[in-house]
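Colleague: Fold the following and give me the result.
(2 chains)
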Number of protein chains: 2
Amino acid sequence: MTIAANDPTFTSWVNVPENSDFPIQNLPFGIIKVENEAPRVASRIGDYAIDLKALSVLGYTENLPFSLSDFDASTLNSMMMKGKDGTRKLRDRLSKLFNAESVDLKSKQHHVDQVLIPMAQVEMLMPIDVRDYTDFYSSEQHAYNVGCLFRDPENALMPNWKHIPVGYHGRASSIIVSGQDIYRPKGQKKPPTADVPIFGQSNLLDFELETVFFTFQGKPLGDTISTKEAEDYIFGMALLNDWSARDIQGWEYVPLGPFLGKSFASSVSPWIVTIDALEPFRVAGPTQDNPKVLPYLEYSGNKHIDINLDVIIQPENGEENLVGKSNYRHMYWNMNQQLAHHTVNGCNINCGDAMGSGTISGPEIGMYGSMLEISWKGTKPFQMSDGTERKFINDGDTVIMRGYSKKDGVRVGFGEVSTKVLPTK
Amino acid sequence: MTIAANDPTFTSWVNVPENSDFPIQNLPFGIIKVENEAPRVASRIGDYAIDLKALSVLGYTENLPFSLSDFDASTLNSMMMKGKDGTRKLRDRLSKLFNAESVDLKSKQHHVDQVLIPMAQVEMLMPIDVRDYTDFYSSEQHAYNVGCLFRDPENALMPNWKHIPVGYHGRASSIIVSGQDIYRPKGQKKPPTADVPIFGQSNLLDFELETVFFTFQGKPLGDTISTKEAEDYIFGMALLNDWSARDIQGWEYVPLGPFLGKSFASSVSPWIVTIDALEPFRVAGPTQDNPKVLPYLEYSGNKHIDINLDVIIQPENGEENLVGKSNYRHMYWNMNQQLAHHTVNGCNINCGDAMGSGTISGPEIGMYGSMLEISWKGTKPFQMSDGTERKFINDGDTVIMRGYSKKDGVRVGFGEVSTKVLPTK
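Modeller: Residues are numbered from 1 along each chain as shown, chains lettered A, B, ... in the order given. Below you'll find the predicted structure:
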């Protein structure tokens, strides 16, 4: 599929620093707040937010299927209701307006001044009113590592794991945007040596390095979405830190799955990178013939994506420590398969549903996406540059995740999701 | 707590048939649709809907904290944003207006004609825009039965079951209102005799007899709601049929819990009965001292409720077969404990969250709330009045659940949730 706005030869009349995640080939969507003004929809290029409300007021979104209220909004949901076709046209329009060859906007400096806002003046808000949140468990190495830690290497993967993209319903209310602090959660847990459970703060607070995709409005209840149709229903992706309290999770999760061990917070990066913008970075996934997947999970073409993922711990007033380097291409199940599986029983999806990848771990040490794996359940503490060590996350630590794709000299990135952990409230 | 509108001596100038679920002591809330008019908020008395939009337009809601738009709405959420205090005042106002002693409304027949709509002319819509949906697992007999069926009677309850109100996140998008048909779901399953999973329609389609409560807006992320505060955040209850495909569920649910085995549909009754209206039917719950619960789960007073629950199978063109008679008082964990547990890690709740009880089974045969238990995993088919038998639910069957409380001659009920099963789409 050729998408005009992805042309790697394009440059913009807006200065884009080298190694920026936001060249003209990206043009993601988010919600900005500037001083005391009402939140509104924006895109981004280089170190500037593109104010889509201003762009619309000034007439630059004419003949597109959007009204001003779609941009004069505190979430992207109204805009997303225009679906794949509408949002693709909008990104194409932005690509044309900001192309180095175009003078329509560039030539009117009083318009440029209204439309481009330096990111230093911008606060990023939660971009989407998330309806249902589903989290998958689709990285083989992560599932294998967890299986080794809690069972044994011979039976690390559950019997169903290579047959179905295992997933579960998560808590939507506590999804927050990068920059919002979290409190260390309290809860019930049962230490291995205790006879009875106790109540207290989680001592095994962990991150999970994930991505998340957000959906357009789906079909009515009872209908299915095939792997072939899936991309028509996927708006874009962000980085996701699926916070986990391992001690709370361990005591509660049998038999109905994770609950309070996860529901205290999940953090997302503020810019939604469209699936269209990621199209040039598609790669082949693993072969799935041992076992062969059922026909409804088969797909054709390259449906995985090469996205470099870093996870970093920064102690209070300290420097960044890179603790894991992974890549979205390590997924066993891709988004098409996840969405096809999710709807195969007739389950309906809404505009703004969030679907997490599950922790993404690569095949080697150093590529793991959670402290549970990095510290191997606390047995191999990570050595920090300040001389301390980490088995899990300390109060005052900030966990930062960054991600980007790069090919043919074009880098399309997500920015970061950064969350500081405060002591228990 | 004394709530004026609950006075058992009250009668109404509106005729209320004997054994109606909707006397003047109930006054539930729902969303009605009349012919081609826009949906709006209503209450109910006897066989009439009370049009709250009309009541508001005519000036009968003056000095209450509501605007017309709260009633001229397709969901109750806007009205519910006024919280416990607002909705209690509204119910009190309705109680006064429809009291046999009151002539304010009764004396104006042209107003009465606009406000009271015979239920035969009314279509009931989904009452609440459900945000997050949580389902608990709080009936001891149900958990014990399931444990016996899948493990053994000696270890039927999981070690955590009497320490935490076990629950999981469910799918909100597929919650539907009574009267909407469902399609038998398809999915992946692995029959006990098969080497590999297969794809096909669920052959073990089941209901779960539950209630559900809906929340007001809660506190910010990071805060907790105690068992003592819980009722301030609970609007009301409805009946819930948590549809389950046992074969799909069985193959998928380890280790992350139920997913597609549940997410194809959950049906609710259309009238939300306020917690206030159920207050007279409070009863003591089971003692919880073996083991003793942790302090954050302790509560005082009678926090369980005596609600009779019936579940019925009606074959296509056939008669009703009562297959189970249970009672909400059989719950081990009450709503106060469920909500306190849900928020103890700082998880926030929103206006319109739904929280299911879990299947409610009583202590004797005949009191079970699912076909899994009634047919004891298919080994004891239920004998229907037409000579057929049921292990699980057939195409064409309608499953009906009804519930009511009764005390001192006052009956406060829920009406019913009724859902027909259509063949796989």
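
Colleague: Show me which residues of the helix of greatest length in chain A are buried.
Modeller: In chain A, taking DSSP state H as the definition, the longest helix is helix A:83-97. Using 16 or more other CB atoms under 10 Å in any protein chain shown as the test for burial, helix A:83-97 gives A:84, A:86-97. Bear in mind the C-beta positions are built from the backbone N, C-alpha and C, glycine included.

Colleague: Which parts of the stretch 201-350 of chain A are strands?
Modeller: Listed in chain order, the strands of the stretch 201-350 of chain A (DSSP state E, counting those that start in this stretch) span A:205-206, A:209-215, A:234-241, A:244-245, A:266-268, A:273-274, A:282-283, A:304-305, A:308-314, A:321-327.

Colleague: mind putting the ones you listed in TSV, mean neighbour count and mean pLDDT included?
Modeller: Output for the strands of the stretch 201-350 of chain A, formatted as TSV (neighbours: other CB atoms under 10 Å in any protein chain shown; pLDDT from 0 to 100):
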stretch	mean neighbour count	mean pLDDT
strand A:205-206	24	98
strand A:209-215	27	98
strand A:234-241	27	98
strand A:244-245	28	98
strand A:266-268	28	98
strand A:273-274	28	98
strand A:282-283	16	98
strand A:304-305	22	98
strand A:308-314	21	98
strand A:321-327	20	98
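
Colleague: Which one of those lies nearest to chain B?
Modeller: In terms of CB to the nearest CB, the element of the strands of the stretch 201-350 of chain A nearest to chain B is strand A:244-245, at 7.2 Å.

Colleague: neighbours around the closest residue to chain B within the stretch 151-300 of chain A, how many?
Modeller: At 2.4 Å from chain B, residue A:257 is the closest residue in the stretch 151-300 of chain A, using CB to the nearest CB. By other CB atoms under 10 Å in any protein chain shown, the residues close to residue A:257 number 26.

Colleague: and it, what does it touch?
Modeller: A:168, B:168, B:169, B:253, B:255, B:256, B:257, B:258 (CB atoms under 8 Å, 6 or more residues apart in numbering or on different chains).

Colleague: my guess is the last one meets residue B:250, correct?
Modeller: No. Contact between residue B:258 and residue B:250 fails when scored by CB atoms under 8 Å: they sit 10.0 Å apart.

Colleague: okay, these two: which has more neighbours?
Modeller: Neighbour count, other CB under 10 Å: between residue B:258 and residue B:250, residue B:258 has more, with 25 against 17.

Colleague: dump the residue contacts of that one.
Modeller: A:256, A:257, B:168, B:170, B:244, B:249, B:252.

Colleague: how close does the residue lying farthest from the centre of chain A sit to residue A:49?
Modeller: The outermost residue of chain A relative to its centre, with distances by CA atoms, centre = their mean, is residue A:195 at 39.5 Å. Separation of residue A:195 from residue A:49 (CB to CB, to the nearest Å): 56 Å.

Colleague: Could I get the buried residue list for the strand ranked longest in chain A?
Modeller: Secondary structure of chain A per DSSP state E: the longest strand is strand A:410-422. By 16+ other CB under 10 Å, the buried positions in strand A:410-422 come out as A:410, A:411, A:412, A:413, A:414, A:415, A:416, A:417, A:418, A:419, A:420, A:421.

Colleague: circling back: quick one: which of the contacts of residue B:258 is nearest to residue A:67?
Modeller: Set against residue A:67, the nearest of those by CB to CB is residue B:170 (34.8 Å).
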